[in-house]
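Chemist: Dropping the sequence and predicted coords here.
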Amino acid sequence: MFITQRIPRIIFKIPRINPNIIIPKQSSSFFSLFHNYHKSYKNHKGDLKDFGKFNSNNNSNSTKLLFILVGSTTAVTAAEIYKNKNKFILLEESSNYSPSPNYENYEETTEEPESKIKIPNYITLYNETRARLVGLGIRTVSFLKLRVYIIGMYISKDDIELLRNWNGWNKEKFLSADNDNNDNNSLAYELLSQPVVIALRIEPVRNTNGQHLRDGFTRTLTNRLQNEHHLNESEIEQILEAIKEFKSKFPKTSIKAGTSMILTKQKDGNLRMEYEGKLYGMIENSWISKNLFMGYLTSNNPISKEAKNSIAEGFDKILK
């Protein structure tokens, strides 16, 4: 029977590791263990054969190390390392492991001016798509300007050149207000119609719930649908069904401050819905994705004027 000694839990913001990694037994500190791993990760050296160094400083037959690796904004995996002769072998992952496709690089961040909250300059979307921050802002409500969430808009790095070749970008036109309430002919709508991956990252600044956020997004969609005068009855019915599906697939759990929701407009226009790395749904209707994003890009009372202006500045830097 082994005698185990529990070592204090250590939390770091680093991605999951390969369960086959072998850790040599060498004299060093806990800091070296994680520092060496993080350094190797940043250098993109792939699977680490020499994960780090560890010294238990005791004579027990077995030493147990419990640690948590953080991907998005919450812990995504836990593992146990046991002493085995002269090596430490990572035996298994915790059953609580949940993959996080939207791992965020917190070493490079941009601060939202009003809230002072920092969000990542790069995130990794589904299929390992790397996305770059275009612009950010804050959503506030009521005359008291109560802060609700931070918005970040991202574009796939692989699609930047494609958008540059579009040759339709003009910052002044992007920011100009339309004379009527229908902005389907606007530059922003034309940009969203391009076959590029664009994502919205939503980070609440206070604890809320899925229903509260869902209702806000739904109001944006229904309000824009009311101004659609060129759609026939069949098209309107399809959109209403898609809105209903969007509502049904929205997270019903509590949404904690500091967590992140990712809404992605895919190349085909479909909307991908993720919260904390978990896929909640795919809405196969391009009207939904474009008009949800237009809530932030419209010049007619955008959800966040700060985000609209920041996104305009960001696209101007990226596309020129």
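Modeler: Received it, and whenever you're ready, just let me know what you need.
Chemist: For the strand or helix carrying Ile119, which helices and strands make contact with it?
Modeler: Ile119 belongs to strand 118-120 when elements are defined using DSSP states H and E. Packed against strand 118-120 by the contact rule (3 or more Cβ pairs under 8 Å, 6 or more residues apart in numbering; DSSP states H and E) you find strand 109-111, strand 130-141, strand 146-156. For the C-beta atoms, the positions are set from N, CA and C on the backbone; glycine is no exception.
Chemist: Report the mean per-residue pLDDT for the helix or strand following the last one.
Modeler: The helix or strand immediately downstream of strand 146-156 is helix 160-164, counting by DSSP H and E. Across helix 160-164, the average pLDDT comes to 93.
Chemist: Each with direction, which strands does the strand holding Ile119 pair with?
Modeler: Within its sheet, strand 118-120 is paired with strand 109-111 (antiparallel), according to DSSP bridges.
Chemist: Please enumerate residues in contact with the strand it pairs with?
Modeler: Applying Cβ atoms under 8 Å, 6 or more residues apart in numbering, the external contacts of strand 109-111 come out as Ile117, Lys118, Ile119, Pro120, Asn121, Leu133, Leu136.
Chemist: Could you give me the buried positions within that strand?
Modeler: Buried residues in strand 109-111, counted by 16 or more other Cβ atoms under 10 Å: Thr110.
Chemist: and that strand, average pLDDT?
Modeler: pLDDT averaged over strand 109-111 gives 96.
Chemist: repeat for stretch 123-133
Modeler: Here stretch 123-133 scores 92 as its mean pLDDT.
Chemist: Tell me the buried residues in it?
Modeler: Ile123, Thr124, Leu125, Thr129, Ala131, Leu133.
Chemist: Now flag whichever of the residues you listed is closest to Asn209.
Modeler: Ile123 (23.6 Å; Cβ to Cβ).
Chemist: Please tell me how far the closest one sits from Tyr154.
Modeler: 6 Å (Cβ to Cβ, to the nearest Å).
Chemist: Also Ile318?
Modeler: Ile318 is 11 Å from Tyr154, by Cβ to Cβ.
Chemist: hey, what's in contact with both of the two?
Modeler: Arg132, Val134.
Chemist: So between those two, which is more surrounded?
Modeler: Legend: neighbour count by other Cβ atoms under 10 Å for Ile318 and Tyr154, higher for Tyr154 (28 against 17).
Chemist: of the helices and strands packed on strand 118-120, which approaches Ile303 most closely?
Modeler: Closest to Ile303 of the helices and strands packed on strand 118-120 is strand 130-141 (Cβ to Cβ; 5.8 Å).
Chemist: got the angle between the closest one and strand 146-156?
Modeler: 160 degrees (axes from the mean of the first three to the mean of the last three Cα atoms, to 10 degrees).
Chemist: Who are the packing partners of strand 130-141?
Modeler: Using 3+ Cβ pairs under 8 Å, 6+ apart, strand 130-141 sits against strand 118-120, strand 122-124, strand 146-156, helix 305-319.
Chemist: hmm, back to that, rounded mean pLDDT for the strand holding Ile119, please.
Modeler: 97.
Chemist: For that strand, which residues meet the burial criterion?
Modeler: Those would be Ile119, Pro120, for strand 118-120 by 16+ other Cβ under 10 Å.
Chemist: picking that back up, common neighbours of Ile123 and Tyr154, please.
Modeler: Joint contacts of Ile123 and Tyr154 (Cβ under 8 Å, 6+ apart) are Ala131, Ala199, Arg201.
Chemist: Could you double-check that Leu163 lies in contact with Gln194?
Modeler: Yes - the pair Leu163 / Gln194 is scored as a contact, 6.2 Å apart, by Cβ atoms under 8 Å.
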